[in-house]
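Peer 1: Everything below, folded, please.
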Amino acid sequence: MTQAGSQVGSQVGSQVELEIGAVAHGGHCVARHEGRVVFVRHALPGERVRAVITDGADDARFLRADAVEVLVAAPDRVEPPCEHARPGGCGGCDFQHAALPAQRALKGAVVREQLSRLGGLSVAALNALGCVVEPVAGDREGLGWRTRVRFAVDAQGQAGLRRHRSHDVVPLERCPIAWDAINDPANGLLAQTWPGRSELAVAVSTSSGEQVVLADGEPLGRSRLTERAAGRDWRVTGAGFWQVHPGAAAALVSAVREALAPAAGEHLLDLYAGVGLFAGALAPDLGADGRVDAVEADETAVKDARRNLHDLRTVRLVHARVDSWLRGPDATSCDLVVLDPPRTGAGKTVVARLAALGPRAIAYVACDPASLARDVGIFAGLGYELAGLRAFDLFPMTHHVECVALLRPTR
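Peer 2: Next up is the predicted model:
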């Protein structure tokens, strides 16, 4: 590798010529310069690029960089569909410069690398799992899928998205990955200015067409909307959590049901239950003699779940932190678990308590492969093995990937 700028490899703004290696978790690829790792955005494995250093002190263990010129392109490189998906532009999309099949291959490689490095899985085990990232119905070639967007508002009142690792706002006229209604000029979300505001959140229901807009957390009109999934209607208040891809809820419910194979009379724990999607979808599989304990800490989500699941007599909703509830007297045993934690994962305390309950199967729904891999490693030390894995491309054009992992007692 040769340096194209001054002799300042670690100084922000200097340019270097890099050979790009494997993809890494976080939406960048790995290169090396003068003995240090460089995490490079807007590049692909196998490319040679000229990159500008964007972050890294003289004594930093690694540097960050952005590919500003492609000297040798990868076969899977394409022209990004958004003008802002470029160095120095919007930080919302990581992989618009890669064809969709290549994006999914990159995400699959990240899942395998994390499970190997953090989860301790062998090459043979990873090969048996496959780790293929599956598309889901509802987007248009990776575009027009995002039904929930949180825009920042700049000092002039213009809505947009932030640059990568920056508070600077890139004003937008439209966002190609957003649902059509969000981009519709008739809505005025991006066409008008929002003086005095700092954040604009919008959620659109694909089933009902309803729309919720919050400016700095304050609803502007409607305060809730209705989603349709798994044969039921679901009320979601304000900016409450619901999967952003229109095909996500159906895909995840199907994958969880397939993993757990619920049977009549079994006892299911739905942990981090949100508005009750998995509890409501799986309760009928357990029959009149079955039982579901759905545990959720967010008060608004619990209120929505009570409304959503009021007709299911076998479901008991608990408003509590999952770790606290698992230490209480009601958590004694169970047959099945749906574990759908936040991005940080379940963690050692929750994993240990779940393993002690002795379920025959755990379906772990994970939006971060690093957190999943860490928890899989903890489960392994407590007698539970990763017996199945499916991964879904619920966030095309970005580095994010959703996994459903099946954990069973080690034979």
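Peer 1: Walk me through the domains of the protein.
Peer 2: 15-75, 104-139+245-409, 148-237 (automatic domain parsing).
Peer 1: Nearest to residue 94, out of those?
Peer 2: Nearest to residue 94, of all the domains of the chain, is domain 15-75, at 3.1 Å by C-beta to C-beta. Any C-beta I mention is one placed from the backbone N, CA and C, and that applies to glycine too.
Peer 1: quick one: terminal-to-terminal distance for that closest one?
Peer 2: 24 Å (C-alpha to C-alpha, to the nearest Å).
Peer 1: Mind checking the pLDDT average for that domain?
Peer 2: Across domain 15-75, the average pLDDT comes to 96.
Peer 1: Next, report how far it is displaced from the centre of its chain.
Peer 2: 24 Å (C-alpha atoms, centre = their mean, to the nearest Å).
Peer 1: buried set for the helix or strand containing residue 390?
Peer 2: When elements are assigned from DSSP states H and E, residue 390 belongs to strand 384-392. Neighbour-count burial for strand 384-392, counted by 16 or more other C-beta atoms under 10 Å, picks out 384, 386-392.
Peer 1: That one pairs with which strands?
Peer 2: strand 133-134 (parallel), strand 402-409 (antiparallel) (DSSP bridges).
Peer 1: Let's have these in JSON lines, adding mean neighbour count, mean pLDDT and distance to residue 142.
Peer 2: Converted to JSON lines, those look like this (neighbours: other C-beta atoms under 10 Å; pLDDT from 0 to 100; distance: least, C-beta to C-beta, whole Å):
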{"stretch": "strand 133-134", "mean neighbour count": "18", "mean pLDDT": "98", "distance to residue 142": "12"}
{"stretch": "strand 402-409", "mean neighbour count": "23", "mean pLDDT": "98", "distance to residue 142": "15"}
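Peer 1: Kindly reformat those strands as JSON lines containing distance to residue 339.
Peer 2: Supplementary listing: the strands paired with strand 384-392 in JSON lines, determined by distance: least, C-beta to C-beta, whole Å:
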{"stretch": "strand 133-134", "distance to residue 339": "20"}
{"stretch": "strand 402-409", "distance to residue 339": "9"}
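Peer 1: between these, which gets nearest to residue 206?
Peer 2: strand 402-409 (17.3 Å).
Peer 1: And for the closest one, what's in contact with it?
Peer 2: With contact meaning C-beta atoms under 8 Å, 6 or more residues apart in numbering, strand 402-409 is reached by 111, 248, 252, 255-256, 259-260, 358, 360-367, 369, 372, 376, 379, 383-392, 394-395.
Peer 1: Just the element for residue 11, please.
Peer 2: Residue 11 belongs to no helix or strand, assigned by DSSP H and E.
Peer 1: In contact with it, which residues are there?
Peer 2: Counted by C-beta under 8 Å, 6+ apart, residue 11 has contacts 53, 58.
Peer 1: Also residue 263?
Peer 2: Counting by C-beta under 8 Å, 6+ apart, residue 263 touches 285-286.
Peer 1: How much space separates it from residue 157?
Peer 2: Going from residue 263 to residue 157 by C-beta to C-beta, to the nearest Å gives 56 Å.
Peer 1: Check residue 19 too.
Peer 2: Residue 19 is 44 Å from residue 157, by C-beta to C-beta.
Peer 1: And those two? Which one has more around it.
Peer 2: residue 19 (16 against 13; other C-beta atoms under 10 Å).
Peer 1: what sits against the nearest residue to the more buried one once chain neighbours are set aside?
Peer 2: Leaving out its chain neighbours, the residue that sits closest to residue 19 by C-beta to C-beta, 6 or more residues apart in numbering is residue 48, at 5.6 Å. Counting by C-beta under 8 Å, 6+ apart, residue 48 touches 17-20, 70-72.
Peer 1: what sits opposite residue 48 in the beta ladder?
Peer 2: Going by DSSP bridges, residue 48 forms beta bridges with residue 19, residue 72.
Peer 1: did I read that right, residue 354 in a helix?
Peer 2: Yes - under DSSP: H, G, I helix; E, B strand; the rest coil, residue 354 falls within a helix.
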